[in-house]
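Asker: okay, sequence plus prediction incoming.
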Amino acid sequence: MTSGEELKKKLFHEKKSGWEGLTAEKRDDIQNYCDGYMNFLNKGKTEREFVQEAKVIADYNGFKDLSEYESLKIGDKVYYINRDKSMYLAVIGKDIAKDGMNIIGAHVDSPRLDLKPNPLYEDNGLAYFKTHYYGGIKKYQWTTIPLAIHGVIVKPNGEKISVKIGEEETDPIFTITDLLPHLAMEQMEKKLKDGIAGEDLNLLIGSIPYEDEKVLEKVKLNILNILNQKYHITEVDFLSSELELIPAFRCRSLGFDSSMIAGYGQDDKVCAYTSLTALLDLKEVPEKTAVCILSDKEEIGSVGNTGMESHVFDTFISELLDRLHINKPNLMDQIFCKSMMLSADVDAGLDPIYAHVSEKNNASLIGHGIGLNKYTGAKGKSGASDANAEFVAKVRGIFEANNIAYQVAELGKVDVGGGGTIAYILANKGIDVIDCGVPVLSMHAPYEVTSKYDVHTAYCAYSAFYKAN
Ligand code: MN
Ligand code: MN
């Protein structure tokens, strides 16, 4: 090595693909872990389904619902499920009052199309559901793909009917049609964002008329008749339903080398799954109380009583302190001020096809490890939770000590756009927070792409963070 090469090795911050130099054993570990992830993602495609599946594996790993504990002690594993849509889990550490908590928070809702309260109509012999999109989507991406309907219909007597149709090979699927190019001259002249109107995202659901000369809206009647036989509902029951249209494709390995994953809802279920499994797999009682947050409604601003802005998380922590028999005024706030958190949300990976929106020195690359965003926000960091340098150093230290490949990145070039996560909400409580998640390509599209190396690295990173002092 020349002296220049040696000096460069010492002084430069080298960035390289995580796959380089991995043993065959490590590659197998990554593939196996990601098989579990893809399998889980295929079962937990909505926030309700994710929470349901998370409960199954939490129970299996010795966690119990908060209501089952009269008292808590060191090492106890506990969770609380909020209205079937968000969940908080904790492993009680040695001295929560003195040490604070190590928190990792992800969200389990993803962009999608929701049915309107009065969705069903008939037009020219075809039956449709009207939709209202949820979260930031590029509307044209949601036409002409197979869609499944997932969700619940609740009757006034409390009866809850689960709906999941379009996932099994034998199920029908649904789709939103688009204009043929031959007649799309006017549409093609429009801006991409205006090409498909929100009110035109109507789901095609049927075409056979009910056999009766006398009635009008025969196709709609036939659909309602089918739904009545299958789910025992009538049209009015849609008023109290939450039905989500999500891509009917399965999560799959991507590439000849199977190095990547294509799947719906990886924002942010990839961080939710990795932070959840890292907590469930903790073998020893952590020094600090380890907490995993699976929140809802992040994609529309963390609003409502299942979103991170609600006080339900505080109530959960307060309940832990009650059951530890140490609660007193201000204790929770003091604990928050001693706590640290990874806001586990996906990062915008640099897409070589659209590299012009990224600043290459400050963009995370697929396959290069977990991405840390010191800040997010837009236009001069507005709306960001800018992590303190001291805390970034602390997190770096944890990752470096545990050989975790990480990269520190920004969300795109300055003034190109921006975004946010739940980070600021927890930071407002006094917690040290930094965004830390898996880089994704095609974020918010029906099919999002991640690297298996990064997914496994996220699991290792979150595991190290829960265990950190
Ligand atoms: Mn997200
Ligand atoms: Mn998102």
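Answerer: The structure has been received and is ready for your questions. Ligands and ions are numbered 1, 2, ... in the order given.
Asker: which residues are in contact with E448?
Answerer: Residues in contact with E448 (C-beta atoms under 8 Å, 6 or more residues apart in numbering) are A262, G263, Y264, G265, Q266, D267, V440, L441, S442. For the C-beta atoms, the positions are set from N, CA and C on the backbone; glycine is no exception.
Asker: the same query, at a cut-off of 7 Å, please.
Answerer: When contacts are counted by C-beta atoms under 7 Å, 6 or more residues apart in numbering, E448 touches G263, Y264, Q266, D267, V440, S442.
Asker: of these, which is the nearest to G304?
Answerer: Among the contacts of E448, D267 lies closest to G304 (C-beta to C-beta), at 18.9 Å.
Asker: spatially, and excluding backbone neighbours, which residue is closest to that closest one.
Answerer: Spatial nearest neighbour of D267, excluding adjacent residues (C-beta to C-beta, 6 or more residues apart in numbering): V346 at 4.5 Å.
Asker: pLDDT value on that neighbour, please?
Answerer: According to the predicted model, the pLDDT of V346 comes to 97.
Asker: number the chain from 38, please
Answerer: Fine by me, first position is 38 from now on; the one you just mentioned is V383.
Asker: distance check, it against N398.
Answerer: Distance of V383 to N398, given as C-beta to C-beta, to the nearest Å: 20 Å.
Asker: who has more neighbours, these two?
Answerer: In this view V383 and N398 are compared by other C-beta atoms under 10 Å, and V383 has more residues nearby, 27 against 9.
Asker: quick one: list the elements packing against the top helix by length along the chain.
Answerer: Taking DSSP state H as the criterion, the chain has its longest helix at helix 61-80. Using 3 or more C-beta pairs under 7 Å, 6 or more residues apart in numbering; DSSP states H and E as the contact criterion, the neighbours of helix 61-80 among helices and strands are helix 84-97, strand 297-300, helix 303-317, helix 489-504.
Asker: those into CSV, with extra columns for distance to ligand 1?
Answerer: Below are the helices and strands packed on helix 61-80 laid out as CSV (distance: least, C-beta to the ion, whole Å):
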stretch, distance to ligand 1
helix 84-97, 12
strand 297-300, 14
helix 303-317, 4
helix 489-504, 13
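Asker: what number of residues lie near the residue nearest to Y165 when sequence neighbours are not counted?
Answerer: The shortest distance from Y165 to any non-neighbouring residue, by C-beta to C-beta, 6+ apart, is to N239 (4.3 Å). The local packing count at N239 equals 18, with neighbours defined by other C-beta under 10 Å.
Asker: quick check: N239 touching K167?
Answerer: Yes: at 5.8 Å, N239 and K167 qualify as touching, with contact defined as C-beta atoms under 7 Å.
Asker: ok, I468 touching F373?
Answerer: Yes: the criterion here is C-beta under 7 Å, and I468 meets it with F373 at 5.3 Å.
Asker: enumerate the residues of this structure near ligand 1.
Answerer: D304, D305, D382 (C-beta under 5 Å from the ion).
Asker: in CSV, list the residues you listed along with distance to E272.
Answerer: Putting those into CSV (distance: C-beta to C-beta, whole Å) gives the following:
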residue, distance to E272
D304, 34
D305, 35
D382, 38
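Asker: which residues of the stretch 338-487 of the chain fall in helices?
Answerer: 349-360, 368-375, 426-438, 460-464 (DSSP state H, counting those that start in this stretch).
Asker: how's the protein carved up into domains?
Answerer: Domains of the chain are assigned by automatic domain parsing as 53-147+301-504, 149-284.
Asker: deepest-packed of these, please.
Answerer: Counting by mean count of other C-beta atoms under 10 Å, domain 53-147+301-504 has the highest mean neighbour count of the domains of the chain, with a mean of 20.
Asker: nearest to G232, out of the helices of the stretch 338-487 of the chain?
Answerer: Taking C-beta to C-beta as the measure, these were each checked against G232, and helix 460-464 came out nearest at 33.2 Å.
Asker: need the pLDDT of K167.
Answerer: The score at K167 is 98. That number is its pLDDT.
Asker: who's in contact with it?
Answerer: Taking C-beta under 7 Å, 6+ apart as the definition of contact, the neighbours of K167 are K153, P156, Y158, N239.
Asker: closest to ligand 1 among those?
Answerer: Checking the contacts of K167 against ligand 1 with C-beta to the ion, the nearest one is K153 at 24.6 Å.
Asker: ok so that closest one is a strand residue?
Answerer: Yes: according to DSSP: H, G, I helix; E, B strand; the rest coil, the state of K153 is that of a strand.
Asker: that one reaches H169, doesn't it?
Answerer: Yes: counting by C-beta under 7 Å, K153 does reach H169; the two are 5.5 Å apart.
Asker: work out the gap between stretch 167-177 and the centre of the chain.
Answerer: Relative to its parent chain, stretch 167-177 has a centroid offset of 17 Å by C-alpha atoms, centre = their mean, to the nearest Å.
Asker: for the contacts of E485, work out which two are farthest apart.
Answerer: Taking C-beta to C-beta as the measure, these span a maximum distance of 11.9 Å, between Y301 and V477.
Asker: ok, back up a step: mind putting the contacts of K167 in CSV, distance to V88 and secondary structure included?
Answerer: Shown next, in CSV, are the contacts of K167 (distance: C-beta to C-beta, whole Å; DSSP: H, G, I helix; E, B strand; the rest coil):
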residue, distance to V88, secondary structure
K153, 24, strand
P156, 24, strand
Y158, 32, strand
N239, 29, coil
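Asker: can you add pLDDT and give the contacts of E485 back as a markdown table?
Answerer: Listed next are those as a markdown table, based on pLDDT from 0 to 100:
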| residue | pLDDT |
| --- | --- |
| G300 | 98 |
| Y301 | 98 |
| Q303 | 98 |
| D304 | 97 |
| V477 | 98 |
| S479 | 98 |
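Asker: looking at those, which is nearest A285?
Answerer: Y301 (8.9 Å).
Asker: touching, that closest one and K82? I think so.
Answerer: Yes: shown here, Y301 and K82 form a contact pair, counting by C-beta under 7 Å, at 6.4 Å.
Asker: which neighbours do these two share?
Answerer: What both Y301 and K82 touch, as defined by C-beta under 7 Å, 6+ apart, is the set I283.
Asker: for ligand 1, what's the nearest residue on the stretch 338-487 of the chain?
Answerer: Across the stretch 338-487 of the chain, the shortest distance to ligand 1 (C-beta to the ion) belongs to D382, at 4.2 Å.
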